[in-house]
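Trainee: below are the sequence and a predicted model for it; my questions follow.
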Amino acid sequence: MGAALRDALAAPPPAPFGNRVRLMLLESFDEKKRGGEKLGTYGFIKGAQNFLVGLVHESQHCMEDFGYVFEWAVLVATDLGLATCWVGGTLKRGAFANAAGAEPDEIVPAVSPVGESPGRRRVFDSALRLLAGATKRKPWSELFFDGEFGDRLAKDDAGRFSTALEMTRLAPSASNRQPWRVVKQRDVENYHFYLYRTPGYRKMTAVDLQRIDMGIAMCHFELRAGEKNLPGRWTFEQPDIGNPPKGTEYVSSWVTS
Ligand SMILES: Cc1cc2nc3c(=O)[nH]c(=O)nc-3n(C[C@H](O)[C@H](O)[C@H](O)COP(=O)(O)O)c2cc1C
């Protein structure tokens, strides 16, 4: 499968917070031929032999950067007609890190099997998706705000950035929790990204999946803005935005001014 994908993975985009994310494709990965080391996904993914694997050194904002770069890779694979699925919760991280030749302190926050799509969903898969509420996304009114938290941002008021926000809304997230919230600055085309944590979720896995989700959201927003030739860049200075719900954490801002 891999030449085109492998070439692309060798030159990922720079991550917004400046962490280095390494990407690789583990191909024809037959667990039994690897001295018994199991690259398991605990039975959630069956028969996959090819995995997209990402590595990052643990440091501040490494999870947002990982999410941003790994989602870029997932979209490249999708463009090449390959099927993917983020796996960040149910994988043997150590086994993937060994197989990928991880450097000291480098971790594997998530992987994705890559392969041909079987075309139709199997019953187990459909049931899982239903369980995860996978086909649903939160409405604009819960995610996007105008000036301050609580004041809804209507699609029309987002003007030329409305499809960038729509692509953010449709992004994948761990357990489909969609923890991103975006506040448009009043009278200016600056968009401030916040993490609204799902209570109790963080402790469920070794890595902070909802920070990965934030990177995914930033990736979708920026790629769509780029497609539409819209101006802007990421900054990380917390603005003075009113009424943040308790527990909301500032992450980044897309600024045009
Ligand atoms: C960071 C992250 C981790 C994920 N981990 C898993 C996982 O461990 N197992 C799994 O089956 N799906 C996992 N997913 C897939 C999500 O459940 C899926 O993207 C979400 O439910 C939305 O589904 P959809 O994009 O197909 O609509 C993960 C997604 C993300 C973004």
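Mentor: Received it, and whenever you're ready, just let me know what you need.

Trainee: and the strands in the chain?
Mentor: 21-26, 51-57, 83-84, 106-107, 111-115, 144-146, 180-184, 191-196, 233-235, 248-255 (DSSP state E).

Trainee: can you check the pLDDT for residue 257?
Mentor: For residue 257, the pLDDT comes out at 79.

Trainee: let me fix that, I meant to ask about residue 118.
Mentor: For residue 118, the predicted pLDDT is 66.

Trainee: kindly report the same for residue 156.
Mentor: Looking at residue 156, its pLDDT reads 88.

Trainee: residues of this structure that sit close to the ligand?
Mentor: The chain comes close to the ligand at residues 44, 85-90, 110, 132, 134-135, 172-176, 209, 212-213, 216, as judged by Cβ under 6 Å from any ligand atom. Using the backbone N, CA and C atoms, a C-beta is placed for each residue, glycine as well.

Trainee: show me the shaky parts of the stretch 101-250 of the chain.
Mentor: Filtered on pLDDT under 70, the stretch 101-250 of the chain yields the residue ranges 118-135, 203-204.

Trainee: nearest to residue 64, out of the strands of the chain?
Mentor: The closest of the strands of the chain to residue 64 is strand 248-255. By Cβ to Cβ, the value is 6.5 Å.

Trainee: the residue most central in space within the chain and residue 192: what is the separation?
Mentor: Centroid-nearest residue in the chain: residue 216, 3.0 Å away (criterion: Cα atoms, centre = their mean). Remark: distance between residue 216 and residue 192 (Cβ to Cβ, to the nearest Å) = 17 Å.

Trainee: returning to what we had before: just the buried ones from the residues of the chain next to the ligand, in ChimeraX syntax?
Mentor: Of the residues of the chain next to the ligand, the buried ones go into a single ChimeraX selection, burial set by 16 or more other Cβ atoms under 10 Å:
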select :44,85,86,87,88,89,110,172,173,174,175,176,209,212,213,216
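
Trainee: identify those among the residues of the chain next to the ligand that sit within helices.
Mentor: Taking DSSP state H, the ones among the residues of the chain next to the ligand that sit in helices are 132, 209, 212-213, 216.

Trainee: can I get these in JSON lines including distance to residue 105?
Mentor: Shown next, in JSON lines, are those (distance: Cβ to Cβ, whole Å):
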{"residue": "132", "distance to residue 105": "31"}
{"residue": "209", "distance to residue 105": "20"}
{"residue": "212", "distance to residue 105": "18"}
{"residue": "213", "distance to residue 105": "23"}
{"residue": "216", "distance to residue 105": "23"}
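
Trainee: report how many residues lie close to the nearest residue to residue 202 once chain neighbours are set aside.
Mentor: Once flanking residues are discounted, residue 202 sits nearest to residue 208: 6.3 Å by Cβ to Cβ, 6 or more residues apart in numbering. Neighbours of residue 208 under the rule other Cβ atoms under 10 Å: 21.

Trainee: phi, psi for residue 208 please.
Mentor: phi -80, psi 90 (degrees, to the nearest 10).

Trainee: pretty sure it contacts residue 201?
Mentor: No: the pair formed by residue 208 and residue 201 falls short of the contact definition of Cβ atoms under 8 Å, at 9.5 Å.

Trainee: quick one: residues contacting residue 107.
Mentor: Neighbour list for residue 107: 55-58, 93, 97, 207 [criterion: Cβ atoms under 8 Å, 6 or more residues apart in numbering].

Trainee: can I get stretch 11-27 in PDB, CA atoms only?
Mentor: The C-alpha trace of stretch 11-27 is given here as PDB (Å, rounded to 0.1, in the frame of the first residue of the first chain):
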ATOM      1  CA  ALA A  11       7.400  15.200   5.900                       C
ATOM      2  CA  PRO A  12       4.700  16.000   8.300                       C
ATOM      3  CA  PRO A  13       3.600  19.700   8.800                       C
ATOM      4  CA  PRO A  14       5.200  21.500  11.800                       C
ATOM      5  CA  ALA A  15       3.100  21.200  14.900                       C
ATOM      6  CA  PRO A  16       1.600  24.400  16.300                       C
ATOM      7  CA  PHE A  17       3.300  24.200  19.700                       C
ATOM      8  CA  GLY A  18       6.600  23.100  18.200                       C
ATOM      9  CA  ASN A  19       6.900  19.500  19.400                       C
ATOM     10  CA  ARG A  20       8.300  17.000  17.000                       C
ATOM     11  CA  VAL A  21       5.900  14.200  16.000                       C
ATOM     12  CA  ARG A  22       7.300  11.200  14.200                       C
ATOM     13  CA  LEU A  23       5.000   9.200  11.900                       C
ATOM     14  CA  MET A  24       5.600   5.700  10.500                       C
ATOM     15  CA  LEU A  25       3.800   2.900   8.800                       C
ATOM     16  CA  LEU A  26       4.300  -0.600  10.300                       C
ATOM     17  CA  GLU A  27       3.500  -2.800   7.400                       C
END
